[in-house]
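Novice: Build the 3D model from these lines:
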Amino acid sequence: MTSNIRRLVRVLELTLAVWTVVVIALIAAIMLYSRTDRAQSADVIVVLGAGLQGRDRPGPALVRRTAQGAELWRQGLAQQIICTGGYGPGKTRSEADACASLLRDQGVPGDVILLEERSRSTEENAIYTLEAMQANGWQTALVVSDGYHLLRANWIFSRAGIENFTSPADAPSFLNLLSSTLREVVAFHWLAFKTVFNIPVTYVAVL
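Specialist: Numbers count the residues shown, from 1 in each chain. Below you'll find the predicted structure:
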């Protein structure tokens with residue numbers, strides 16, 4: 001092995017070691033952030049959407065998130081709720097509409113629920129939520145999602161110019177939590193990459 005190849009191998013080994021440390025630190029940050037409920041009074045509660053199941057039924061993640069949003073509303077932390085989430089592939093119902101139906105089933109009046117049905121990603125959640133908040137003169141948002149999602153959601157909403165506080169839904173199963181946390185790590189890599197290179201893409205299907 002020539003000296004140039006040895007140097008290249010050492011650089012690759014160092015890069016891999018640094019990247020491994022970064023990933024471990026990111027996982028730790030995601031998990032630590034997910035454990036704290038930062039709920040406080042705000043102008044509006046924002047329930048982040050999640051994919052629907054067969055026959056356009058809400059999946060477990062959306063059920064968890066909506067239940068938490070309804071509880072925060074009952075506590076009086078905000079008078080209005082925005083349900084976010086557009087139409088998934090092959091779906092005839094938006095995630096926001098499914099969220100609103102769940103909220104009404106839990107006693108939340110329909111006239112306090114606002115639908116944001118255009119978004120396909122967390123970044124688009126923030127973009128279209130900001131439009132709705134500006135239209136209604138709202139300044140602060142109480143963002144509800146699964147705990148593993150909230151660190152990235154907080155970053156995205158803050159970058160969009162929304163002062164936000166976060167509140168986690170009940171934790172999913174261990175396997176769901178594990179796979180979702182790993183997905184968050186990939187999503188953070190993409191978000192950092194697109195931010196550094198100023199890539200104007202707000203939706204990637206696999207993320």
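Novice: Kindly format the C-alpha coordinates of stretch 65-79 as PDB.
Specialist: What follows is stretch 65-79, C-alpha atoms only, in PDB (Å, rounded to 0.1, in the frame of the first residue of the first chain):
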ATOM      1  CA  ARG A  65     -51.000  13.500  18.200                       C
ATOM      2  CA  THR A  66     -54.600  14.500  18.000                       C
ATOM      3  CA  ALA A  67     -55.300  13.200  21.500                       C
ATOM      4  CA  GLN A  68     -52.500  15.400  22.800                       C
ATOM      5  CA  GLY A  69     -53.800  18.400  20.900                       C
ATOM      6  CA  ALA A  70     -57.300  17.900  22.300                       C
ATOM      7  CA  GLU A  71     -55.900  17.600  25.800                       C
ATOM      8  CA  LEU A  72     -53.900  20.800  25.500                       C
ATOM      9  CA  TRP A  73     -57.000  22.600  24.200                       C
ATOM     10  CA  ARG A  74     -59.000  21.300  27.200                       C
ATOM     11  CA  GLN A  75     -56.300  22.700  29.500                       C
ATOM     12  CA  GLY A  76     -56.900  26.100  28.000                       C
ATOM     13  CA  LEU A  77     -53.400  26.600  26.600                       C
ATOM     14  CA  ALA A  78     -54.900  27.900  23.300                       C
ATOM     15  CA  GLN A  79     -58.300  28.500  21.900                       C
END
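Novice: Flag every buried residue along it.
Specialist: 65-73, 77-78 (16 or more other C-beta atoms under 10 Å). No exception for glycine: its C-beta is placed from N, CA and C like everyone else's.
Novice: So which of those are in helices?
Specialist: 65-73 (DSSP state H).
Novice: Surely residue 65 and residue 147 touch.
Specialist: No - between residue 65 and residue 147 there is no contact under C-beta atoms under 8 Å: 10.5 Å.
Novice: This structure: helices as residue ranges?
Specialist: Using DSSP H, helices in the chain cover 3-34, 60-74, 95-105, 122-136, 147-159, 174-196.
Novice: nearest to residue 206, of those helices?
Specialist: helix 174-196 (8.3 Å; C-beta to C-beta).
Novice: Just the mean pLDDT for the closest one, thanks.
Specialist: For helix 174-196, mean pLDDT is 96.
Novice: same check, this time on stretch 36-48
Specialist: Mean pLDDT, computed over stretch 36-48, is 98.
Novice: Stretch 14-31 now?
Specialist: Here the average pLDDT along stretch 14-31 is 97.
Novice: can you pull the buried residues of it?
Specialist: Across stretch 14-31, burial judged by 16+ other C-beta under 10 Å covers 26-27, 30.
Novice: hang on, residue 203 packs against residue 118?
Specialist: No - using C-beta under 8 Å, residue 203 makes no contact with residue 118, being 10.8 Å away.
Novice: which residues are common contacts for these two?
Specialist: When contacts are counted by C-beta atoms under 8 Å, 6 or more residues apart in numbering, residue 203 and residue 118 have residue 124 as shared neighbours.
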